[in-house]
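> Turn this into a model:
(chains A and B)
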Amino acid sequence: MKRQLIMLTAAVSIASSAMAAELKPAVVFDMGGKFDKSFNQGVYEGVEQFRNETGIKYREFEVTNPSQREQAIRKMAQRKSNPVLAIGFAQATALEKVAKDFPETKFSIIDAVVDLPNVQSIVFKEHEGSFLVGLLAAMKSESKAVSFIGGMDIPLIRRFNCGFAQGAKYAVKDIKVISNMTGSTPSAWNDPVKGGELARSQFDRGSDVVFAAAGGTGIGVYQAAKDAGKFAIGVDSNQNHIHPGTMLTSMIKRVNVAAYNTFKGVQDDTWKAGFNVLGLAEGGVAWAYDEHNKALITAEMKAAVDQAKADIIAGKIVVHDYMSDSKCPSL
Amino acid sequence: MSNKTLPAWIDIGVIPLINVCMAFAVSGLVILLIGENPIEAVQYILMGAFGYDEGIGYTLYYTTNFIFTGLAVSIAFHAGLFNIGGEGQAYIGGLGVGLMCLSLDSFMPWWALFPFAIAAGAAFGAAWAFIPAYLQAYRGSHVVITTIMFNFIASALMVYLLVNVLIEPGSMAPQTRSIADAATIPSIKELFAGLGIDISNSPLNISIFLALACCVLMWLLLWHTRLGYAIRMIGFNQNAAIYSGINTKRVIVITMCISGAMAAMVGINEVMGAQERVLLDFVAGAGFTGIAVSLMGRNHPIGIVIASLLFGALYQGGAELSFEVANITSDLVVVIQGLVILFCGALSLMIKPGLEKLFIKLTAAKESADV
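I've put the predicted structure just below:
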């Protein structure tokens, strides 16, 4: 019996080391690059964590024009990389073409849906997380006005905006929600100067809590809020530590966990094709509560936000998704 | 025979070649600095760009875009205008191509739609260039400033249209629905498949022949028509052109419109060919690369084809390089491209005086030897 057990363990360890040797993960970042201080960087952190923990190297490519998306994904598949992780809604069309040609390869895509038997689509319910921070913002606001600054004006960012507005209006019915987008080119993700300008003009219009879903542009927004003595809300990762006392909270979107889980899931053989929708219930989005913003969140606010979170998970509150019909009733 | 100036073959052949070599030498130093082997890097670039059919396909696909934008910049250069708006004109031109294709693709096969798409793209691109041209000719606002600003306006307009108006319902990405298969122009792969030859998939399509045709048309226009003569005369000396009775304002507007229409042909390659839909940022810097292509190609169609091929190879080979070597990111590829532009554009005349002296010395030595 004991001998059998030893043999079994040996067999398992050989099998797992063989697996480890065979696992060749790859990631295709989208335009913006892996150091965009936002979405792609979250993925980068996730796959780096995987590499540090397991010692398995991954192939990577940063797309710099639209035609390279299909080229890069195809090349990864040709080189027998498995799984191949594609980043961003813009890669969905390219991935769909390639995934059909390589049915044996496992593909995952973040922020888009590709309905094929060998593709795992990971999408986040940003509107649910934004709802919670909207609620907190409205409760914190003394001037009865809160504001939103988006990066590039695309449907995904409008989804943040719409969830935020709904949360604010859920907490305080007649609150004013001011919304601005930084720009219409990808540079809008990294324009802190303009972010600061927009924040100041929103403060002039009465807002005293600003939520920035704008990548690197947010840095300027937070600084402006600090200078003006207002509150700001971070995005994507927990940004509470940037200006303690100013950062009311952060809307966390755990892209890094999604990226890490993709690689880890294939390694552990738990990876499954299909839809993987990460909302509040799955911990894909959340509001940040730590030692940096503890003093700003009153017991009443915490109770309200926890209640709202439970209600959303239970389905008692339905947060409208902008991308379901390209409309936002609360704006 | 002691000639004070260099013969043409040195001026347009040897000097650009030396410039490119210097750019590559400096790039090699940079690659050496980050701890990689420059010889290997060059091999990856060459193999990636020309080593196999898919790579050649991508290289020529980029080349097609650069020929269009290079020609667009060059015709404006001939009139002494610096059209930096190729990016925006191509973007808006692509919109014209896309709208035409999307509205007619269920009725027409591609060959019937092709002239309409070209006309729509050209009209949109020309219209986008017309406003800066008018402001330059009749109001004195400098075309450099206005075309740059028009790039931003084009970008904002396209985002607005793609996010709010043209977006495919239910789609996450801001892009239109795809154009019906029968209405997209055939790729080179399909062309070869018709001949019974199987090649790898690449976005290269028959618009490369349109690009080459445009080169011939541009050459005919500039050197064999009265309009071309007027354009070049304005470029050499605007006052002389006015004195000789040319309506310079009108010619400037026409030149810019032709330039915009030429840039818009990127839309044929991208929207009707490679992407088969209108999407954000499909121009991807081709308009700006066109400036470098035009500078390097000495504003001549043949030079532009060669320079486009070089930049196409750099784009595709550079992608291959960052794919193969983990340490070399896409940023370094931009550095290499930047160095080529620096040496071939800004510093293009740096080595000329030295080369002239050398040439004179050599010819003198040869003559004395002959004597």
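
> Quick check: which element contains B:Met158?
If you go by DSSP states H and E, B:Met158 is part of helix B:143-160.

> And the helix or strand just after that helix, how far out from the chain middle?
Where DSSP H and E defines the elements, the next helix or strand beyond helix B:143-160 is helix B:188-194. What separates the centre of helix B:188-194 from the centre of its chain is 25 Å, taken as CA atoms, centre = their mean, to the nearest Å.

> now swap in stretch B:293-310 and tell me
Taking CA atoms, centre = their mean, the mean C-alpha location of stretch B:293-310 is offset from the chain mean by 8 Å.

> Now do it, average pLDDT.
With pLDDT averaged residue by residue, stretch B:293-310 scores 90.

> what about that stretch and chain A, touching?
No: remark: stretch B:293-310 sits outside contact range of chain A, by CB under 8 Å from any CB of the partner chain, the gap being at least 15.6 Å. Any C-beta I mention is one placed from the backbone N, CA and C, and that applies to glycine too.

> by contact count, what packs against the helix holding B:Met158?
Packed against helix B:143-160 by the contact rule (3 or more CB pairs under 8 Å, 6 or more residues apart in numbering or on different chains; DSSP states H and E) you find helix B:86-104, helix B:110-134.

> Just name the most buried of the ones you listed.
The highest mean neighbour count among the helices and strands packed on helix B:143-160 belongs to helix B:86-104 (a mean of 28), with neighbours defined as mean count of other CB atoms under 10 Å in any protein chain shown.

> Tell me the helices and strands packed up against it.
Under the contact definition 3+ CB pairs under 8 Å, 6+ apart, helix B:86-104 sits against helix B:53-78, helix B:110-134, helix B:143-160, helix B:248-264, helix B:266-267, helix B:286-296.

> Between helix B:248-264 and the last one, find me the angle.
Direction vectors for helix B:286-296 and helix B:248-264, defined by axes from the mean of the first three to the mean of the last three CA atoms, to 10 degrees, enclose an angle of 120 degrees.

> those strands in chain A, which residues are they?
Under the criterion DSSP state E, strands of chain A are mapped to A:26-29, A:59-62, A:84-87, A:107-110, A:119-124, A:145-152, A:176-183, A:209-213, A:231-236, A:247-253, A:274-278, A:285-287.

> can you tell if the third one touches chain B?
This points to strand A:84-87. No: judged by CB under 8 Å from any CB, strand A:84-87 makes no contact with chain B; its nearest approach is 12.5 Å.

> model confidence over that strand, on average?
Average pLDDT, strand A:84-87: 94.

> Contacts only, for the closest residue to chain B within the stretch 101-250 of chain A.
Of all residues in the stretch 101-250 of chain A, A:Ser184 sits closest to chain B, at 3.6 Å by CB to the nearest CB. Counting by CB atoms under 8 Å, 6 or more residues apart in numbering or on different chains, A:Ser184 makes contact with A:152-153, B:155-156, B:158-160.

> Which one (most neighbours) among those residues?
The most crowded member of those is B:Met158, carrying 25 neighbours; neighbours defined as other CB atoms under 10 Å in any protein chain shown.

> Tell me the spatial nearest neighbour of that residue, not counting adjacent residues.
Counting by CB to CB, 6 or more residues apart in numbering or on different chains, the nearest residue to B:Met158 once its immediate chain neighbours are dropped is B:Tyr91, at 5.7 Å.

> my guess is that neighbour contacts B:Ala154, does it?
Yes: the pair B:Tyr91 / B:Ala154 is scored as a contact, 4.7 Å apart, by CB atoms under 8 Å.

> Next to chain B, which bits of the stretch 1-150 of chain A? Give me the list.
Counting by CB under 8 Å from any CB, the residues of the stretch 1-150 of chain A close to chain B are A:31, A:33, A:59-62, A:64-68, A:71-72, A:74-75, A:89-90, A:92-93, A:111-113.

> tell me the mean pLDDT for stretch B:203-214?
This predicted structure assigns stretch B:203-214 an average pLDDT of 94.

> same check, this time on stretch A:213-221
When pLDDT is averaged along stretch A:213-221, the result is 90.

> next one: stretch B:68-76
Averaged across stretch B:68-76, the pLDDT comes to 96.

> Chain A contacts on the stretch 201-350 of chain B?
If contact is defined as CB under 8 Å from any CB, the residues of the stretch 201-350 of chain B in contact with chain A are B:201, B:203, B:270, B:274-275, B:279-282, B:284-285, B:315, B:319, B:322-323, B:326, B:329-331, B:333-334.

> Try it again at 7 Å.
With the criterion set to CB under 7 Å from any CB of the partner chain, the stretch 201-350 of chain B comes near chain A through B:203, B:274-275, B:279, B:281-282, B:284, B:319, B:322-323, B:329-330.

> Next step: those restricted to helices.
The helices, defined by DSSP state H, take in B:319, B:322-323, B:330 from these.

> which one of those is nearest chain A?
Looking at these and their distance to chain A, the nearest is B:Ser330, at 4.6 Å (CB to the nearest CB).

> Not counting its neighbours along the chain, what's nearest the closest one?
With CB to CB, 6+ apart as the criterion, B:Ser330 has its nearest non-adjacent residue at 4.6 Å, and that residue is A:Glu62.

> What is the burial count for the one you found?
That count, for A:Glu62 with other CB under 10 Å as the rule, works out to 26.

> for A:Glu70, same thing?
When neighbours are defined as other CB under 10 Å, A:Glu70 has 23 of them.

> Could you pull up the contacting residues of it?
Counting by CB atoms under 7 Å, 6 or more residues apart in numbering or on different chains, A:Glu70 makes contact with A:94, A:97-98.

> and the residues of the stretch 1-150 of chain A next to chain B, which of them are in helices?
Using DSSP H to define helices, the subset of the residues of the stretch 1-150 of chain A next to chain B located there is A:67-68, A:71-72, A:74-75, A:92-93.

> before we move on, the earlier item: the ones in helices among the residues of the stretch 201-350 of chain B next to chain A: which two are farthest apart?
The distance between the two most remote of these (CB to CB) is 9.7 Å, for B:Phe323 and B:Ser330.

> Quick check: closest non-adjacent residue to residue 290.
Chain wasn't specified; assuming chain A. The shortest distance from A:Asp290 to any non-neighbouring residue, by CB to CB, 6+ apart, is to A:Asn240 (5.6 Å).

> my bad, the chain I had in mind was chain B
Beyond its immediate neighbours in the sequence, the residue positioned closest to B:Gly290 (CB to CB, 6+ apart) is B:Thr69, lying 2.6 Å away.
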